[in-house]
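In: My questions concern the predicted model and sequence given below.
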Amino acid sequence: MGSKEPSKTDRRVQRTRRTLRESLIALILERGWDRISVQDICDRADVGRSTFYLHFADKEELLVGGFADLRRMLRADRAAVAGPAPQPFRFVLGMLEHARENHRLFLALVGKRSGQLVLQRFRELVLDLIREDLARLPGKGQAQDMRVHFVGGAFLELLTWWLEARNPLEPAELERIFLQMALPALRTVQS
């Protein structure tokens, strides 16, 4: 009896969290981040404020929770294909494929209606992924930090361009082009 209840609860919790995230994304696309309240999210998700606050402290935590899920998914994908010496930027293809499959979601994250906080949080996610990838390479300190920010900025701009222009490039082709441009940057700054 006790073993079945947690899975039902887990599914209910997952469903509620997913509904709240989907509501948040829809509202960002309609109104922009800055014009959304917790009550708006609750109304769209058809849940009470108390239910929302059982799961999240505020709308930013709801957003960041989605980024944490994305990060776990990208790292799991990378771990599945990583060899003994994983290549930097292994997350790129997974991010691009996910962006294509979830075009509306990614437009909400990097598009014109995302809001400064959303862009900042997404940027932090990308920079953290790059920083982790580059930690295994030679170079530390300021030189490494410059590489992280240079490559991160380039990736974010390329991703935004690709999504907003609805460019027909396949994710694998865009990854190839990105790597062609980004990998030389790892050799240019000496620590």
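Out: Arrived safely.

In: Buried residues of the helix or strand bottoming out on mean pLDDT in the chain, list them for me.
Out: Counting by mean pLDDT, DSSP states H and E, the chain has its least confident helix or strand at helix 185-188, which shows a mean of 76. Buried positions in helix 185-188, judged by neighbour count with 16 or more other C-beta atoms under 10 Å: residue 186. The C-beta positions use only the backbone N, C-alpha and C, and glycine is treated the same way.

In: All further residue positions should be reported with the first residue as 27.
Out: New numbering, starting at 27: the last item is helix 211-214.

In: Could you export it as PDB, keeping only the C-alpha atoms?
Out: Below are the C-alpha coordinates for helix 211-214, written out as PDB (Å, rounded to 0.1, in the frame of the first residue of the first chain):
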ATOM      1  CA  ALA A 211      39.100  30.600 -29.700                       C
ATOM      2  CA  LEU A 212      40.400  28.100 -27.100                       C
ATOM      3  CA  ARG A 213      43.900  28.400 -28.500                       C
ATOM      4  CA  THR A 214      44.000  32.200 -28.900                       C
END
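
In: average model confidence for the longest helix along the chain?
Out: Identified as the longest helix of the chain according to DSSP state H is helix 30-57. For helix 30-57, mean pLDDT is 81.

In: and that helix, how far from the chain's centre?
Out: Distance of helix 30-57 from the chain centroid (C-alpha atoms, centre = their mean, to the nearest Å) equals 17 Å.

In: Return the set of buried residues in it.
Out: 42, 43, 45, 46, 47, 48, 49, 50, 51, 52, 53, 54.

In: so after that helix, what's the next helix or strand?
Out: Going down the chain from helix 30-57, the next helix or strand is helix 64-71, by DSSP states H and E.

In: Pull out the buried residues from that next one.
Out: 64, 66, 67, 68, 70, 71.

In: Sort out which one of the residues you listed lies nearest residue 193 for me.
Out: Distance to residue 193 across the buried residues of helix 64-71 (C-beta to C-beta) is lowest for residue 70, with 30.3 Å.

In: What sits closest to the closest one if chain neighbours are left out?
Out: Nearest in space to residue 70, with sequence neighbours left out and distances taken as C-beta to C-beta, 6 or more residues apart in numbering, is residue 49 at 3.8 Å.

In: Residues contacting the least confident helix or strand of the chain, please?
Out: Helix 211-214 has contacts (C-beta atoms under 8 Å, 6 or more residues apart in numbering) with 114, 160, 163, 173, 176, 177, 180.

In: please redo it, this time with the cut-off set to 6 Å
Out: 176, 177 (C-beta atoms under 6 Å, 6 or more residues apart in numbering).
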